[in-house]
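J.: the amino acid sequence is not available; the structure is as follows:
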């Protein structure tokens, strides 16, 4: 294969174009957006190309026609006009406290103030930004283009700390001039992971157009199936050769691992570009998104709200309002989990206006479950993989006692992040989670209100039906017997009889006082 350069980690459009890197042409989207002066907001997960998108916009508005030869916009744009561009990015640093945030604001503003020859007398960020916008307009005679990248990172970096509110207040002040400078602004585009409802950037800009769930722009970031086949045919063929697979099998595997993001309910899915490019570079189907680091705010969210576990591992139905905006005063963390890319839109009920949110692909599912498991079991990290392998071996050997002993050991002690009144949810959820991690097919139905849950695990030759019970004042023998009777009464086994697999029915009883798994009874058929 002729050497081709993949733009892994390339966020500067000029560097990409001059370096001869493969570029998935998004310039038609840029042209459509730029035709209006409406302020835009776009939420996308990390590693999805938001920074490169803003860089593309930057060079377009700087009138750099030389960088766009052969791209869609070169045929669409007839009047290449140079505008003053202010690019504000919070993506390159960490902001655990207010001082770090103010330091970055000062750095950004100082560079532009020097460029436009502005003398600073008031060092507060809001007046400085307002003066900068006005000066750029007056000195060039043209309206200003403002591109804001990862506006919310200072909030997410300080999540659940005393500095979260301070950083939020500072950003509110920093962004406040935007609504008063409307006459000076030609184009405003804001990106982030979450849409924080309490920041004035949203409440102040009444005409802000949130295109995060807009079908027309669903593939503005990411790589669609159409784009994959158009731009990466050589890489797919090389990967197929390396993996000793056919091209069609390789495409199926790529889709299973990295596709599946839907940012509108009726749109073509998109691949995570970072993972796709890493796969092509390594010629291997790796878990590249999680290898690049688990965001600290995800771990903080799980630690702050352990109850969120049960509503994530089996898909979640939600209205748009429930996952679109993150409200810091609310305990609803679904927007953070969705907008971070761990869940995506997998279905939509038009009559009820309900979305089905679930893992986008196998890479995210396996990685996310692994992160969850490390937070919610007492098994050390270095022994966790071994425990899951042993659980797989036990199921393969039909050794149910061994399988449940492994799970019992993993949840022997209630983690400090789980309160005692949450133990019912915790035990049920971690049992589901460990079975999901085996890679076997798992059908789960959580019934948290009723205090019991069933898990059905199928291997190549067997079906294991687990009915989970909490003791709640009843003796073990009665509960275990009731669990086995419930399996039969509800006909759980009937749907699997046709397959001719060996059937195992297991009643499992947990302590409602945080003492772990009390025991189990097994019935074979």
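T.: Nice, I can see it. The structure presented is a predicted model; accordingly, all values stated were derived computationally and were not measured.

J.: quick one: the strands in the stretch 201-350 of the chain?
T.: Assigned by DSSP state E, counting those that start in this stretch, the stretch 201-350 of the chain shows strands spanning 209-210, 223-224, 270-271, 316-318, 344-349.

J.: ok, the residue nearest to residue 94 when sequence neighbours are not counted - how many residues close by?
T.: Leaving out its chain neighbours, the residue that sits closest to residue 94 by CB to CB, 6 or more residues apart in numbering is residue 157, at 5.6 Å. Heads up, the C-betas are built off the backbone N, CA and C, glycines and all. By the criterion of other CB atoms under 10 Å, residue 157 has 23 neighbours.

J.: wait, doesn't residue 157 sit right on residue 91?
T.: No. In this structure, residue 157 is not within contact of residue 91 by CB atoms under 8 Å, at 11.0 Å.

J.: hmm, who's touching the helix or strand that residue 463 is a member of?
T.: Per DSSP states H and E, residue 463 falls inside strand 462-470. Contact with strand 462-470 is made by 395, 398, 400, 424, 427-428, 431, 435, 451-458, 479-480, 482-484, 486-487, 492-493, 496, 499, 501-512, as judged by CB atoms under 8 Å, 6 or more residues apart in numbering.

J.: of the residues you listed, grab the buried ones for PyMOL.
T.: Selecting only the buried entries of those in PyMOL, with 16 or more other CB atoms under 10 Å as the criterion:
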select buried, resi 395+400+424+427+428+431+435+451+452+453+454+455+456+457+458+479+480+482+483+484+486+487+492+493+496+503+504+505+506+507+508+509+510+511+512
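
J.: among the contacts of strand 462-470, which ones are in strands?
T.: Judged by DSSP state E, the subset of those located in strands is 452-458, 502-510.

J.: closest one to residue 443 out of those, please.
T.: Nearest to residue 443 among those, counting by CB to CB, is residue 456 at 4.3 Å.

J.: so the spatially closest residue to that closest one that is not a sequence neighbour, which of the three states?
T.: Spatially, and ignoring its direct neighbours in sequence, residue 456 is nearest to residue 443 (4.3 Å; CB to CB, 6+ apart). Of the three states, residue 443 takes strand under DSSP: H, G, I helix; E, B strand; the rest coil.

J.: re earlier: now, the most widely separated pair of the ones in strands among the contacts of strand 462-470?
T.: 502 and 510 (25.8 Å).

J.: need the strands of the stretch 201-350 of the chain in CSV with distance to residue 475, can you?
T.: Shown next, in CSV, are the strands of the stretch 201-350 of the chain (distance: least, CB to CB, whole Å):
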stretch, distance to residue 475
strand 209-210, 56
strand 223-224, 57
strand 270-271, 53
strand 316-318, 35
strand 344-349, 42
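
J.: which of the ones you listed sits closest to residue 332?
T.: Here strand 316-318 is closest among the strands of the stretch 201-350 of the chain (CB to CB), at 9.4 Å.

J.: what strands flank the closest one, and is each parallel or antiparallel?
T.: Strand 316-318 has the following strand partners under DSSP bridges: strand 354-358 (antiparallel).

J.: elements contacting whichever helix or strand comes after the partner strand?
T.: Next helix or strand after strand 354-358 toward the C-terminus (DSSP H and E): helix 362-376. If contacts are counted by 3 or more CB pairs under 8 Å, 6 or more residues apart in numbering; DSSP states H and E, helix 362-376 sits against helix 247-258, helix 288-291, helix 296-304, helix 381-396, helix 423-437.

J.: at 6 Å instead, please
T.: On a contact count with 3 or more CB pairs under 6 Å, 6 or more residues apart in numbering; DSSP states H and E, helix 362-376 meets helix 247-258, helix 423-437.

J.: how far does that helix sit from the chain's center?
T.: Its chain's C-alpha centre and that of helix 362-376 lie 12 Å apart, by CA atoms, centre = their mean, to the nearest Å.

J.: report the angle between it and strand 344-349.
T.: 100 degrees (axes from the mean of the first three to the mean of the last three CA atoms, to 10 degrees).

J.: returning to what we had before: within the sheet, what are the partner strands of the strand holding residue 463, with directions?
T.: Assessed with DSSP bridges, strand 462-470 is paired to strand 452-458 (antiparallel), strand 502-510 (parallel).

J.: turn the ones you listed into a markdown table, including distance to residue 522.
T.: Below are the strands paired with strand 462-470 laid out as a markdown table (distance: least, CB to CB, whole Å):
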| stretch | distance to residue 522 |
| --- | --- |
| strand 452-458 | 14 |
| strand 502-510 | 5 |
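
J.: mean pLDDT and distance to residue 360 for the ones you listed - can I get that in CSV?
T.: Putting the strands paired with strand 462-470 into CSV (pLDDT from 0 to 100; distance: least, CB to CB, whole Å) gives the following:
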stretch, mean pLDDT, distance to residue 360
strand 452-458, 75, 23
strand 502-510, 92, 31
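
J.: which one of these lies nearest to residue 408?
T.: That would be strand 502-510 among those, by CB to CB, at 9.4 Å.

J.: continuing past the closest one, what's the next helix or strand?
T.: Scanning onward from strand 502-510 (DSSP H and E), the first element met is strand 517-524.

J.: tell me the centre residue of the chain?
T.: Per CA atoms, centre = their mean, the C-alpha nearest to the average position across the chain is that of residue 341, at 1.4 Å.

J.: now that residue: how far from residue 260?
T.: Remark: distance between residue 341 and residue 260 (CB to CB, to the nearest Å) = 11 Å.

J.: try residue 168
T.: Noted for residue 168: a distance of 32 Å to residue 260, by CB to CB.

J.: check residue 374 too.
T.: Going from residue 374 to residue 260 by CB to CB gives 24 Å.

J.: more neighbours: which of the two?
T.: Between residue 374 and residue 260, counted using other CB under 10 Å, residue 260 has the larger neighbour count: 22 against 15.

J.: the more buried one and residue 362 touch, don't they?
T.: No. Applying CB atoms under 6 Å as the test, residue 260 and residue 362 come out as separate, 8.7 Å apart.

J.: ok, how many other residues are close to the residue lying closest to residue 11 once chain neighbours are set aside?
T.: Spatially, and ignoring its direct neighbours in sequence, residue 11 is nearest to residue 51 (4.1 Å; CB to CB, 6+ apart). A count of neighbours around residue 51, defined by other CB under 10 Å, yields 22.

J.: would you list the phi and psi of residue 158?
T.: For residue 158, the backbone dihedrals (degrees, to the nearest 10) come out as phi -100, psi 10.

J.: pretty sure it sits against residue 164.
T.: Yes. With contacts counted by CB under 6 Å, residue 158 reaches residue 164, the gap being 4.4 Å.

J.: which one's more surrounded, the two?
T.: Neighbours of residue 158 and residue 164, each counted by other CB under 10 Å, are more numerous for residue 158; the result is 24 against 17.

J.: which residues touch the more buried one?
T.: By CB atoms under 6 Å, 6 or more residues apart in numbering, the contact list for residue 158 reads 96, 164, 167.

J.: and if we set it to 7 Å?
T.: By CB atoms under 7 Å, 6 or more residues apart in numbering, the residues touching residue 158 are 95, 96, 97, 164, 167.

J.: excluding covalently adjacent residues, which one is nearest to residue 434?
T.: Excluding its sequence neighbours, the residue lying closest to residue 434 (CB to CB, 6+ apart) is residue 407, at 5.5 Å.

J.: how many neighbours does the one you found have?
T.: 24.

J.: give me the element it is part of.
T.: Here residue 407, judged by DSSP H and E, is contained in helix 400-410.

J.: what's that helix packed up against?
T.: Other helices and strands packing on helix 400-410, by 3 or more CB pairs under 7 Å, 6 or more residues apart in numbering; DSSP states H and E, are helix 381-396, helix 423-437, strand 502-510, strand 517-524.

J.: buried set for the last one?
T.: Residues 517, 518, 520, 521, 523 are the ones in strand 517-524 that count as buried (16+ other CB under 10 Å).

J.: and it with helix 400-410, angle?
T.: Between the axis of strand 517-524 and that of helix 400-410 there is an angle of 160 degrees, by the same axes, to 10 degrees.
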